[in-house]
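[1] Structure for this input, please:
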Amino acid sequence: MLKKMHILSLLLLFVILLFAGCQEDSNAPTDPIDNSNSSDQSLSKYGGSDDGYYDFDSHYRGNSNAVYTLSNSISGNEVIVYRSRHGKLYSAGSYSTGGLGTGGGLGSQGAIIVRGNFIFTVNAGSNEISVLSTGRQGLKLVDKVSSGGITPISVTVHRNLLYVLNAGDAGNIAGFNISRHGKLSPISGSIQPLSTSASGPAQIEFNPRGTVLVVTEKATNSITTYEVGHDGVASAPNNQPSAGDTPFGFEFDRRGRLIVSDAYGGGDLLGAMSSYNVSPGGISLISGPVANTQTAPCWVVVTKNGKFTYTSNTGTGNISGYRIKHDGSLELFNDGGNTGSTGEGSKPIDMVISNNSKYLYCLNGGNQTISVFRIDNGHGGLKPIQTVSGLPVGSVGLAAN
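    The predicted structure is shown next:
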């Protein structure tokens with residue numbers, strides 16, 4: 001009897017140890033493998049002095065932390081992919097959009113955006129929009145359609161609706177339905193003009209509720225809104241003057257207020273930002289223009305907590321930070337508008353903030369780099385942690401997921 005009990009005790013101990021081992025394995029860390037000592041040092045087409053190689057198809061390839069930009073090449077537009085670990089970027093390949101770029105800056109915000117498992121891009125050189133899906137094997141071209149106009153420069157998505165801003169010729173906006181598989185189909189009656197045939201548009205974006213489209217017009221110093229019906233059709237344009245000159249990039253905060261950069265035609269140290277309420281009836285000023293004493297602020301991002309907003313100053317090679325007060329008014333940080341430097345001659349353009357608002361990425365058109373900053377979510381300060389080099393001349397747009 002004692003012998004049987006001893007055997008049963010041993011069996012029970014073995015089962016307990018086996019179960020504990022399974023539990024330990026299931027809770028094993030899933031951080032990326034450090035490939036710094038790997039013998040495979042093959043780099044993607046785009047990478048630079050501070051870049052490392054990140055294996056897109058490694059065991060960690062399901063990680064959604066990625067940053068995307070567009071090559072905008074006239075010989076074939078590509079989405080350039082970087083994976084992010086602890087904010088730092090690692091080259092992860094490039095993927096054709098099936099269209100063409102222009103080889104130069106587009107003067108716009110929103111040339112590439114990410115929504116869910118899809119990436120939406122403009123092909124400004126071939127007058128098209130492309131849709132790519134993200135997956136374990138990288139990116140895959142899902143669809144490519146005419147933009148409904150000439151020189152598409154900015155796209156925006158709300159649920160199953162996409163609108164594109166076409167800057168060429170007289171300029172217009174055009175709407176599309178998005179299928180569950182990422183296919184685009186034009187919305188009848190959605191093409192609408194801009195305020196004039198020479199408006200110099202910069203960006204299009206839905207408000208958070210998807211009821212209003214906003215377009216900034218640099219040449220007319222105005223902001224145009226379009227009410228969006230339940231059928232996805234945009235109304236005729238409603239054009240209103242902006243508070244500051246040359247409204248350029250913008251972003252909505254978490255309460256649906258519009259934060260806009262005022263570039264003042266690139267005038268020396270004249271830059272500013274303004275904030276507005278937005279309704280189907282148009283815009284109403286909250287504050288601004290609030291000067292930052294820098295030159296040519298153009299692109300805008302807002303932290304997910306809605307506390308801070310930043311604009312990149314192309315003319316002075318830096319980034320300015322503002323606090324967004326509870327009433328939506330803006331207050332410049334106490335740093336003279338120089339919250340983060342991207343370097344002399346860098347000409348910072350597009351920006352994007354990581355989903356957790358811990359990192360800010362800035363594309364620099366002057367030296368074809370991406371500057372990476374860590375955001376102090378308590379005070380909004382920016383700490384530089386990396387510079388990624390080697391991008392093609394004319395690269396535009398930044399997106400992240």
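
[2] Distance from the chain centre to stretch 249-267, please.
    Stretch 249-267 sits 15 Å away from the centroid of its parent chain (CA atoms, centre = their mean, to the nearest Å).

[3] Could I get the CA-only coordinates of it as CSV?
    Taking Å, rounded to 0.1, in the frame of the first residue of the first chain, the C-alpha atoms of stretch 249-267 are listed here in CSV:
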residue,chain,number,x,y,z
GLY,A,249,-1.1,71.4,-41.8
PHE,A,250,-3.6,70.6,-39.1
GLU,A,251,-4.9,68.0,-36.7
PHE,A,252,-7.9,67.5,-34.5
ASP,A,253,-7.5,67.0,-30.7
ARG,A,254,-9.4,64.5,-28.7
ARG,A,255,-12.3,66.9,-28.3
GLY,A,256,-12.7,67.5,-32.0
ARG,A,257,-11.0,71.0,-32.0
LEU,A,258,-9.0,71.9,-35.0
ILE,A,259,-5.3,72.9,-34.5
VAL,A,260,-3.8,74.6,-37.6
SER,A,261,-0.3,75.9,-38.4
ASP,A,262,0.0,79.4,-39.9
ALA,A,263,3.1,79.5,-42.1
TYR,A,264,2.8,83.2,-43.1
GLY,A,265,4.3,82.5,-46.5
GLY,A,266,7.6,81.4,-45.0
GLY,A,267,8.2,84.9,-43.6
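
[4] What residues of that stretch count as buried?
    For stretch 249-267, burial by neighbour count (16 or more other CB atoms under 10 Å) applies to 249-253, 257-264. Heads up, the C-betas are built off the backbone N, CA and C, glycines and all.

[5] Among those residues, name the ones in strands.
    In strands, judged by DSSP state E, the following of the buried residues of stretch 249-267 are found: Gly249, Phe250, Glu251, Phe252, Leu258, Ile259, Val260, Ser261, Asp262.

[6] can you name the two of these that are farthest apart?
    Phe252 and Asp262 (16.9 Å; CB to CB).

[7] thinking again about what came up before, closest one of the buried residues of stretch 249-267 to Ile353?
    Distances from Ile353 to those, taken by CB to CB, are shortest for Glu251, at 9.3 Å.

[8] quick one: the closest one and Thr303 touch, right?
    No. If you go by CB atoms under 8 Å, Glu251 and Thr303 don't touch, sitting 10.0 Å apart.

[9] Now the common contact residues for those two.
    Common neighbours of Glu251 and Thr303, counting by CB atoms under 8 Å, 6 or more residues apart in numbering, are Thr309.

[10] quick one on the thing from earlier: any chance of the ones in strands among the buried residues of stretch 249-267 in TSV with pLDDT as columns?
    Below are those laid out as TSV (pLDDT from 0 to 100):
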residue	pLDDT
Gly249	98
Phe250	98
Glu251	98
Phe252	98
Leu258	98
Ile259	98
Val260	98
Ser261	98
Asp262	98
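
[11] Adding distance to Tyr310, write those residues out as JSON lines.
    Listed next are these as JSON lines, based on distance: CB to CB, whole Å:
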{"residue": "Gly249", "distance to Tyr310": "11"}
{"residue": "Phe250", "distance to Tyr310": "12"}
{"residue": "Glu251", "distance to Tyr310": "9"}
{"residue": "Phe252", "distance to Tyr310": "14"}
{"residue": "Leu258", "distance to Tyr310": "15"}
{"residue": "Ile259", "distance to Tyr310": "10"}
{"residue": "Val260", "distance to Tyr310": "13"}
{"residue": "Ser261", "distance to Tyr310": "10"}
{"residue": "Asp262", "distance to Tyr310": "14"}
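
[12] Check those residues against His326 and report the nearest one.
    Using CB to CB, these come closest to His326 at Ile259, 14.4 Å.

[13] nearest spatial neighbour of that closest one, skipping sequence neighbours?
    Spatially, and ignoring its direct neighbours in sequence, Ile259 is nearest to Thr309 (4.9 Å; CB to CB, 6 or more residues apart in numbering).

[14] Could you do Glu344 as well?
    Gly317 (5.6 Å).

[15] What score does the one you found have for pLDDT?
    pLDDT recorded at Gly317 is 98.

[16] Give me the phi and psi angles of it.
    Here the main-chain torsion angles of Gly317 (degrees, to the nearest 10) amount to phi 70, psi 40.
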